[in-house]
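1. Sequence unavailable; structure follows:
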């Protein structure tokens with residue numbers, strides 16, 4: 001009987017510690033030290049939430065920069081890779097369709113879906129490849145668009161982690177603001 005009571009006490013103590021106190025402390029630290037990230041890194045425009053810097057947005061308009069393709073059609077619930085192998089006829093067809101859309105010299109990242117299907121960034125090369133289309137659609141000088149791309153190019157995190165990248169949503173919002 002003594003062992004059962006000790007086990008119940010240990011269960012209650014650890015439930016309180018790991019099920020209530022620890023999550024509460026981590027949440028408070030996150031909301032205090034990293035308020036933007038803890039709340040989803042939301043981007044506001046005119047008092048409305050227009051997206052998150054952490055998630056790709058589906059954009060087909062030629063007036064905007066396009067994100068990487070998504071195997072899950074940019075849905076957060078069903079996000080993930082397509083898991084199609086190099087011998088898959090569907091994958092070959094998808095790449096051919098994307099090559100027709102993005103051009104023969106498109107970077108590989110614009111031809112294949114990202115692993116999560118929600119990657120909010122493209123490489124500077126993928127952004128450079130889209131400048132002429134966006135400039136023509138918006139009737140803006142290509143140099144002005146290129147300057148916006150350069151201004152929204154982020155280096156590796158802390159200078160060492162990851163690749164140089166461009167956040168597509170931030171760039172598209174800057175395009176709207178510039179016009």
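-> Okay, I see it. Every value quoted in this text rests on a predicted model; they were computed, and no experiment measured them. Numbering: from 1, shown residues only.
2. For the chain, which segments count as strands?
-> 42-45, 48-52, 121-122, 153-154, 165-167 (DSSP state E).
3. The longest one packs against which elements?
-> This means strand 48-52. Counting contacts by 3 or more CB pairs under 8 Å, 6 or more residues apart in numbering; DSSP states H and E, strand 48-52 packs against strand 42-45, helix 168-178. C-beta coordinates here come from the backbone N, C-alpha and C atoms, glycine included.
4. Mind telling me which of the ones you listed the model trusts least?
-> With a mean of 76, strand 42-45 has the lowest mean pLDDT of these.
5. In a markdown table: the helices and strands packed on strand 48-52, plus mean neighbour count.
-> Output for these, formatted as a markdown table (neighbours: other CB atoms under 10 Å):
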| stretch | mean neighbour count |
| --- | --- |
| strand 42-45 | 12 |
| helix 168-178 | 18 |
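6. Quick one, which of those gets closest to residue 86.
-> For residue 86, the closest of the helices and strands packed on strand 48-52 is helix 168-178, at 26.8 Å, according to CB to CB.
7. what comes into contact with the closest one?
-> 43, 45, 50-53, 56-57, 59, 63-67, 120-122, 127, 134, 138, 140, 144-145, 148-149, 151-152 (CB atoms under 8 Å, 6 or more residues apart in numbering).
8. what is the orientation angle of that helix with strand 48-52?
-> For helix 168-178 against strand 48-52, the angle by axes from the mean of the first three to the mean of the last three CA atoms, to 10 degrees is 140 degrees.
9. mind checking pLDDT for the residue nearest the centre of the chain?
-> The centroid of the chain falls nearest to residue 120 when counting by CA atoms, centre = their mean (2.3 Å). Note for residue 120: predicted pLDDT of 85.
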